[in-house]
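> Quick one, fold the following:
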Amino acid sequence: MRSSKLAIKRFGVSDLPDQHGRTILITGANNGLGLNSAKALAQAGARILLACRNQETGRIALDAVSALGPADHALIPLDLADLGSVRSAAEQALDVAPVIDVLINNAGLMAVPFARTADGFEMQIGTNHLGHFALTDALLPALLKASSPRVVTLASIAHRRGVIDIADLNFEHRPYGRMTAYSQSKLANLLFGAELARRSEAAGLPLTAVIAHPGVAATNLFDSMVPPIPGALAATHLALRVFGNSERSGALSTLYAATMPDARNGDYLGPNRMFGMRGPVARSSRTRAARSEGLAAALWDASVELTGAQFQGI
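The predicted structure follows:
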């Protein structure tokens, strides 16, 4: 029986293995967890492809990352809420880096008002899951050229309240709820990562798929939920830092999943203390729905139909 404990009990940035010679693409690398991950990986020697929607903050992030590592880092325009942009971003990434060692599906939205993507998907499932699903498919040729490729997908402890409605992923018939949609999208992230791991293993491919969560991290992800009251945003960020993880600590789960040799195919890594809100990186529990192979397969099929992704060879 394999141990459930990780090799490093209190993993920190100083424990990162050498990353020289590796190319890592990170979505949403212009701020928050993505930027913290990009900085740490660049400092460890990796070449970083920053795939960002906001090009202004993306250029600032690129400068910050470039100051930490000499590799030929690059900024890739990417709007996950537009499949046309996803395909263009993948084409540009493949031109810049024919071999990609790690894809980190980091970017995301949380609890936003109802909206639809350019392709008509509900905004949160469209951005958090379907956009990343299509991007992973488009980058698969470059990943499979690497000796030990990985795909890291960020989920959340919010998946515990998630319910996947395969017949109504895009809230065309049921009432929309901000957190209902967010929790569904985070459950979808877990199911996607697990199904990708199973399919890769069944196909005999070297690709490792790992899911990570940051606990409750003090990022701007929560800003959409803060009422427009003077001082409310500052108070919220303070509370997040007190009861949750800092951005730097929240990124550790991603970093472990992307680099450590004992991260297993299908692992779910993140803090376990205070119901998963904070603490060192560990193997985490997931709900019965998140463990359902039948639900994961059904979501995969629905995602293929909606995005046109093919995942050839998997």
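> Now do the helices in the protein.
Here the chain has its helices, by DSSP state H, at 32-43, 55-66, 83-96, 123-124, 132-143, 178-202, 232-243, 247-250, 252-259, 293-307.
> which regions of the stretch 151-300 of the chain sit below the pLDDT cut-off?
217-245, 273-278 (pLDDT under 70).
> whoops, I mixed them up, the stretch 1-150 of the chain
Using pLDDT under 70, the flagged stretches of the stretch 1-150 of the chain are 1-3.
> any idea how far residue 53 is from the nearest residue to residue 80 once chain neighbours are set aside?
Nearest non-adjacent residue to residue 80, counting by Cβ to Cβ, 6 or more residues apart in numbering: residue 131, 3.0 Å away. From N, CA and C alone the C-beta is placed, and that goes for glycine too. In this view, residue 131 and residue 53 are 10 Å apart by Cβ to Cβ, to the nearest Å.
> Find the residues that touch each one of these two.
residue 80 (Cβ atoms under 8 Å, 6 or more residues apart in numbering).
> more crowded one of those two?
Applying other Cβ atoms under 10 Å to residue 131 and residue 53 shows that residue 131 carries more neighbours, namely 28 against 19.
> next one: phi and psi at residue 118?
Dihedral angles of residue 118 (phi, psi; degrees, to the nearest 10) stand at phi -60, psi -20.
> so who does the closest residue to residue 272 other than its chain neighbours touch?
Distance criterion Cβ to Cβ, 6+ apart; nearest residue to residue 272, sequence neighbours excluded, is residue 282 at 4.8 Å. Residue 282 is in contact with 5, 6, 269, 270, 271, 272, counting by Cβ under 8 Å, 6+ apart.
> Of these, which is the most crowded?
residue 270 (29 neighbours).
> Could you give the bridge partners of that residue?
residue 282 (DSSP bridges).
> Isn't it up against residue 253?
Yes. Residue 270 is within contact range of residue 253, at 4.4 Å (criterion: Cβ atoms under 8 Å).
> how deep is residue 161 tucked in, by neighbour count?
14.
> I'd say it and residue 179 touch.
Yes. Between residue 161 and residue 179 there is a contact under Cβ under 8 Å: 7.3 Å.
> Could you pull out the buried residues of stretch 175-182?
Burial within stretch 175-182, assessed by neighbour count using 16 or more other Cβ atoms under 10 Å, is assigned to 180, 181, 182.
> ditto for stretch 123-143
Here stretch 123-143 shows 123-140, 142-143 as buried, counting by 16+ other Cβ under 10 Å.
> Can I get it as CSV, trimmed to CA atoms?
Extracted C-alpha coordinates of stretch 123-143, given in CSV (Å, rounded to 0.1, in the frame of the first residue of the first chain):
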residue,chain,number,x,y,z
MET,A,123,-18.9,32.3,-17.7
GLN,A,124,-17.5,30.3,-14.8
ILE,A,125,-17.8,26.8,-16.3
GLY,A,126,-16.7,28.3,-19.6
THR,A,127,-13.6,30.0,-18.2
ASN,A,128,-12.6,27.7,-15.3
HIS,A,129,-13.2,24.4,-17.0
LEU,A,130,-14.1,24.4,-20.7
GLY,A,131,-11.4,27.0,-21.7
HIS,A,132,-8.7,25.0,-19.9
PHE,A,133,-10.1,21.7,-21.3
ALA,A,134,-9.7,23.1,-24.8
LEU,A,135,-6.3,24.6,-24.1
THR,A,136,-5.0,21.3,-22.7
ASP,A,137,-6.1,19.5,-25.8
ALA,A,138,-4.5,22.1,-28.1
LEU,A,139,-1.1,22.0,-26.2
LEU,A,140,-1.1,18.2,-26.0
PRO,A,141,1.3,17.7,-28.9
ALA,A,142,3.9,19.9,-27.2
LEU,A,143,3.4,18.2,-23.8
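> That'll do, ta.
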